[in-house]
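A.B. asks: Build me a model:
(one chain, ligands or ions: 2)
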Amino acid sequence: MSDLAIRAGELDAADELAKLREQFVLDAASDHAADAAGVYLDGNSLGALPTAVPAHVADVVAREWGQLRIRSWTESGWWEAPERIGDLIAPLVGAAPGQIVVGDSTSVNVFKAVVGAVRLAGEGRDEILVDEGTFPTDGYIATSAARMTGCTVRPVPMDSLADAVGPRTAAVLINHVDYRSGRLHDLPALTAAVQAAGALVVWDLCHSAGALPVGLDAHGVDLAVGCTYKFLNGGPGAPAYLYVAARHQAAFDSPLPGWNSHVEPFGMRPEFVPVDGARRGRVGTPDILSMAALEAALGVWDGVSVEAVRAKSLALTDFFLECVQAYVPAGRVTVLTPLDHAARGSQVALRCADASAVMEELIRRGVVGDFRAPDVLRFGFTPLYLGFADVERAARVLAEVL
Ligand SMILES: Cc1ncc(COP(=O)(O)O)c(C=O)c1O
Ligand SMILES: Nc1c(O)cccc1C(=O)C[C@H](N)C(=O)O
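C.D. replies: Ligands and ions are numbered 1, 2, ... in the order given. Okay, the predicted model is just below:
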C-alpha cells in the first residue's frame, strides 16, 4: 500500500462527516469494471440519491396523490411547499427564513432575478454586466433580459468587474463558482463593489450552495438563484430557487407574474396584484413530486454544518491535488482550479490533451467525473458522501489511464 493510501485511511478514520455516506445510495448496482471500485466525482452535475428519497416520494405518490388527491393541496402541505422548502435551503446559504422560494429551473429564475434587478435599479441605468466565463444559460438569458428591458449586456472578466461597474450599470450577474475552472469568486467584495456603484447584484449559486458557506444576508446580497440537483442532491431536474432579499421584496416586480404569485390566487381576478414575501417569486403550479424528492434529500443536512462540509471539501481537493501530483506523469495535466483556498470551489478541473477520451476511459473504470469542452477533466467533490480513499483511488486510476 502506498503512503498516500495509508494517509487516506487515516484521514477517513478521523473524518466526522464519514457516517453521512450511509445516507446515500452509492455503487449498489454499478456495472463498472470489477478491478476498480466506483468513485462518484460528478456530484457537481447530479448529486447522488439520498436513501430517504424513494420512500418519501412513494408515499407522496401513493397516499397523498393516490388517496387524498386534491385534498393534498391543503392537507399534505402541497400549497406551501415552495416556501417551506425554501426555508430548508435558507440556512445552507446564510439566509433568514422568508426570502427563498423553490420552483422552476435555474434558467427561469435567472430571468426573474435579472429583470427584477433591472427594474429595482430604476431609471437611467441601461447596462447588465455578466461574468465573462458564465455558464452559458445565464449569458443567454441575460442577453434576452437586456433586449426586453432596453439594456445592453456586457461580458466582463471577473478580475476587472469592480472597475467595469459604473453609473449606467443596472445589474450584475455573477456565477459564485465558475463551472469550468472551479474558481470561487469573492462574493463579499464583489457585492460591495457592485452596490457602491448603485447597481444590484444577482449571484448564481449552482456550484456553491451545499458545498461552502455563502452568507447571502451577512454580505447584503440583493438577489440570488441556484439549482438543487448538484450539492443539494435533489435529483434530476429538481426545482431551482430564487432569493430576493427581504429589503427588496416589496418592490420586486417579477417579469413572470402568475396566478401563484397573486395575492389571492383563487380570486381568479383579471388584474394582477402581487402577493408579499418570497411567494412573489412563484409563477405557476409547483412541481410537487420533484419537490417531495428535494425535501427528503435536504433531511441529510440535519445537524450538519456547512462550515464542516467546507473544511472537508478543501481537505478532499487538497488531497486529490497532492495525489495527482504524486501519481500522474509530470506535464500530462495542468491544474485549472486555484490552489488558494479562498478562490477554490468544491471541484478540481484539469486541462489535459485528449480529455474527452480520457474521461470516457475513467468512467469505464468506475471513476465518474465529466468532460467540459474543449479540454477539461472536471471532478466534483461532495463531502457528504466522499472519502479520502475514494480520492486516492480516483487519482491512481487517472494516472493509470494517462
Ligand atoms: C452555474 C449554472 N447556472 C445555471 C445552470 C442551468 O440550470 P437549469 O438547467 O436548472 O436551468 C447550470 C447547470 O445546469 C449551472 O451550472
Ligand atoms: N443540469 C444538467 C443536466 O440536466 C444534464 C447534464 C448536466 C447538467 C448540469 O447540471 C451541468 C452543469 N450545470 C455543469 O456545470 O456543467
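A.B. asks: Can you tell me the strand partners of the helix or strand harbouring residue 101 and which way each runs?
C.D. replies: Applying DSSP states H and E as the criterion places residue 101 in strand 100-102. Strand pairing for strand 100-102, determined by DSSP bridges: strand 241-244 (antiparallel).
A.B. asks: Run through who's touching stretch 335-346.
C.D. replies: Outside of stretch 335-346, the residues within contact range by C-beta atoms under 8 Å, 6 or more residues apart in numbering are 44, 176-178, 180-186, 207-208, 211-212, 231, 313-314, 317, 321, 324, 347-351, 376, 380-383. Placement of C-beta: from N, CA and C, glycine included.
A.B. asks: Tell me the first helix or strand C-terminal of the lowest-mean-pLDDT helix or strand in the chain.
C.D. replies: Considering only helices and strands, the least confidently modelled element of the chain by mean pLDDT, DSSP states H and E is helix 161-164, at a mean of 92. Reading on from helix 161-164 to the C-terminus, the next helix or strand found by DSSP H and E is strand 169-175.
A.B. asks: So residue 293: helix, strand or coil?
C.D. replies: Here residue 293 is helix, with the state taken from DSSP: H, G, I helix; E, B strand; the rest coil.
A.B. asks: That one is in contact with residue 55, isn't it?
C.D. replies: No. Shown here, residue 293 and residue 55 do not form a contact pair, counting by C-beta atoms under 8 Å, at 11.1 Å.
A.B. asks: Can you pull the residues of the stretch 1-150 of the chain lying near ligand 1?
C.D. replies: 105-107, 135, 137-138 (C-beta under 6 Å from any ligand atom).
A.B. asks: 8 Å instead, please
C.D. replies: Within the stretch 1-150 of the chain, the positions adjacent to ligand 1 are 45, 105-110, 134-135, 137-138 by C-beta under 8 Å from any ligand atom.
A.B. asks: which of those residues are buried?
C.D. replies: In terms of neighbour count (16 or more other C-beta atoms under 10 Å), the buried residues within those are 45, 106-110, 134-135, 137-138.
A.B. asks: Which ones among those residues map onto strands?
C.D. replies: Of these, none are assigned to strands by DSSP state E.
A.B. asks: Would you check which pair of those lies furthest apart?
C.D. replies: Of all pairs drawn from those, the one with the longest distance (C-beta to C-beta) is 45 and 108, at 19.3 Å.
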